[in-house]
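Undergrad: Show me how the following folds:
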Amino acid sequence: MFKFRLFALLTGLVLSTTSLLTAQQSNNNAEYEVAAIGFYNLENLFDTIDSPTTNDADFLPQGRLLWNTEKYISKQANMAKVIKDLGTELNPDGLAILGVAEIENRKVLEDLCAQPALAPRRYQIVHFDSPDERGIDCGLLYQPKYFTLLGARPVPVMLEDPKTKDRDFTRDILYVTGTFGGETLHIMVGHWPSRRGGESGSAWMRAAAAGVCRGIADSLLALNPDAKILMMGDLNDDPNNKSLTEVMRAKGDTEKVGKTEFYNPMYDLYKNGDGTMAYRDAWSLFDQVVVSKACVNKKAGGWQLYKARVYRQPWLLQTEGAFRGYPFRTFVGDIFINGYSDHLPVYLFFLKKKNTPKP
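TA: Residues are numbered from 1 along each chain as shown. Below you'll find the predicted structure:
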């Protein structure tokens with residue numbers, strides 16, 4: 001892990017004070033390890049090969065979007081450019097772990113990890129095919145120098161229309177467990193159902209996805225109340241929506257988080273007007289990473305949450321046209337504009353006090 005002295009962090013960055021930082025300021029010469037974990041919706045990262053198991057007709061050379069090798073290569077390079085920079089303000093290795101959404105298959109992730117900008121980090125991949133009707137999945141990338149994979153599985157989200165009783169298919173929840181700097185870490189990556197049909201009319205579907213995540217968390221916490229759990233993804237809800245506040249029981253104040261509840265570090269960002277995607281001239285913060293109590297409980301020791309961020313750079317936003325100020329995406333309608341994604345990425349910094357031998 002990249003090591004730094006706390007006084008350098010304080011003088012080099014303008015960061016808001018947290019309870020963790022306050023406790024650390026009494027020892028400005030103490031050394032800490034820092035690592036970053038994030039999430040990024042890659043916006044339809046499809047290859048150009050026709051697949052009988054995915055709905056990829058638009059993303060073929062003869063499809064509606066005329067998706068070809070040149071566009072695919074450019075999209076991959078653009079994604080790698082963004083990912084390469086995430087978290088490097090505190091650690092030159094960038095993100096130790098990255099959850100992703102809207103990817104067609106494992107091959108597109110292999111091509112992403114092989115990009116020159118990312119290849120030196122030797123990212124490894126966790127991926128399973130989902131039954132999603134659009135043919136898109138979630139995945140996880142991790143640097144083996146930080147994270148050792150112990151196990152992974154997809155957990156289905158069963159959706160049944162309460163009126164018609166028809167089955168609706170969506171992305172599985174990707175559940176991954178491993179050791180992170182010597183500690184067991186549990187990670188859930190999700191892409192919850194969209195608001196198609198309206199926010200209120202589709203809320204039950206996101207509640208169902210949240211319920212699956214809550215069920216996984218409850219099982220883990222029953223075995224170990226101090227389990228360190230991260231739930232991340234494109235949740236298609238804001239931090240103040242019921243899927244987060246009531247189903248996941250994720251709160252925006254560390255002092256009010258109970259033993260089996262979650263802390264949502266994105267809540268304050270959202271209240272301050274920050275967001276990860278724009279629609280009808282309004283920003284939403286659908287891309288989130290929430291953490292279990294042990295990640296903000298200093299008594300639990302080990303890795304502790306330090307700071308949450310939305311990665312917002314001028315070059316990631318459109319500078320002209322009707323969507324000026326929106327995230328600079330790959331397509332506007334059917335027109336290829338060679339951008340990045342319609343979502344901005346998010347990431348968290350974690351700190352751990354370094355065990356240094358006494359002189």
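Undergrad: how about the helices in the stretch 1-150 of the chain?
TA: 6-12, 19-24, 69-85, 106-113 (DSSP state H, counting those that start in this stretch).
Undergrad: do the stretch 251-359 of the chain as well
TA: Assigned by DSSP H, counting those that start in this stretch, the helices in the stretch 251-359 of the chain fall at 266-271.
Undergrad: low-scoring stretches of it, by residue?
TA: Residue ranges of the stretch 251-359 of the chain with pLDDT under 70: 356-359.
Undergrad: Residue 90 contacts residue 33, correct?
TA: No: applying C-beta atoms under 8 Å as the test, residue 90 and residue 33 come out as separate, 10.6 Å apart. (C-beta placed from N, C-alpha, C; glycine too.)
Undergrad: strand partners of the top strand by length along the chain, parallel vs antiparallel please.
TA: Longest strand in the chain, counting residues (DSSP state E): strand 31-45. If you go by DSSP bridges, strand 31-45 pairs up with strand 2-5 (antiparallel), strand 95-103 (parallel), strand 346-353 (antiparallel).
Undergrad: Could you identify which of those is most buried?
TA: strand 95-103 (a mean of 27; mean count of other C-beta atoms under 10 Å).
Undergrad: tilt between it and helix 69-85?
TA: Strand 95-103 runs at 150 degrees relative to helix 69-85, counting by axes from the mean of the first three to the mean of the last three C-alpha atoms, to 10 degrees.
Undergrad: Can you give the distance of strand 95-103 from its chain's centre?
TA: 6 Å (C-alpha atoms, centre = their mean, to the nearest Å).
Undergrad: angle of it against helix 106-113?
TA: Counting by the same axes, to 10 degrees, strand 95-103 points 140 degrees away from the direction of helix 106-113.
Undergrad: Report the rounded mean pLDDT for stretch 107-118.
TA: In this model, stretch 107-118 has a mean pLDDT of 98.
Undergrad: Give me the buried positions along it.
TA: 108, 109, 111, 112, 113, 115, 117, 118 (16 or more other C-beta atoms under 10 Å).
Undergrad: Relative to residue 191, how far out is the first one?
TA: With distances taken as C-beta to C-beta, to the nearest Å, residue 108 is found 15 Å from residue 191.
Undergrad: got it, and the last one?
TA: Using C-beta to C-beta, one obtains 22 Å as the distance from residue 118 to residue 191.
Undergrad: repeat for the third one
TA: Shown here: residue 111 relative to residue 191, a distance of 20 Å by C-beta to C-beta.
Undergrad: Redo the strands paired with strand 31-45 as a markdown table? Include distance to residue 218.
TA: Listed next are the strands paired with strand 31-45 as a markdown table, based on distance: least, C-beta to C-beta, whole Å:
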| stretch | distance to residue 218 |
| --- | --- |
| strand 2-5 | 34 |
| strand 95-103 | 21 |
| strand 346-353 | 22 |
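Undergrad: of these, which approaches residue 169 most closely?
TA: In terms of C-beta to C-beta, the element of those nearest to residue 169 is strand 95-103, at 15.6 Å.
Undergrad: what's the average pLDDT for that closest one?
TA: Rounded mean pLDDT across strand 95-103 is 98.
Undergrad: hey, C-alpha coordinates of it in PDB?
TA: Extracted in PDB, the C-alpha atoms of strand 95-103 (Å, rounded to 0.1, in the frame of the first residue of the first chain):
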ATOM      1  CA  LEU A  95      -8.200   2.100  -7.500                       C
ATOM      2  CA  ALA A  96      -7.400  -1.100  -5.700                       C
ATOM      3  CA  ILE A  97     -10.900  -2.400  -6.500                       C
ATOM      4  CA  LEU A  98     -13.400  -1.200  -9.100                       C
ATOM      5  CA  GLY A  99     -17.000  -2.300  -9.600                       C
ATOM      6  CA  VAL A 100     -18.400  -1.800 -13.000                       C
ATOM      7  CA  ALA A 101     -21.800  -2.000 -14.800                       C
ATOM      8  CA  GLU A 102     -23.200  -2.000 -18.300                       C
ATOM      9  CA  ILE A 103     -20.700  -4.400 -19.700                       C
END
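Undergrad: Across the sheet, point out what pairs with residue 292.
TA: residue 262.
Undergrad: residues in contact with the residue nearest to the spatial centre of the chain?
TA: By C-alpha atoms, centre = their mean, the chain has its centre lying nearest to residue 39, at 2.0 Å. If a contact means C-beta atoms under 8 Å, 6 or more residues apart in numbering, then residue 39 has 98-101, 189, 232-234, 287-289, 345-347 as its contacts.
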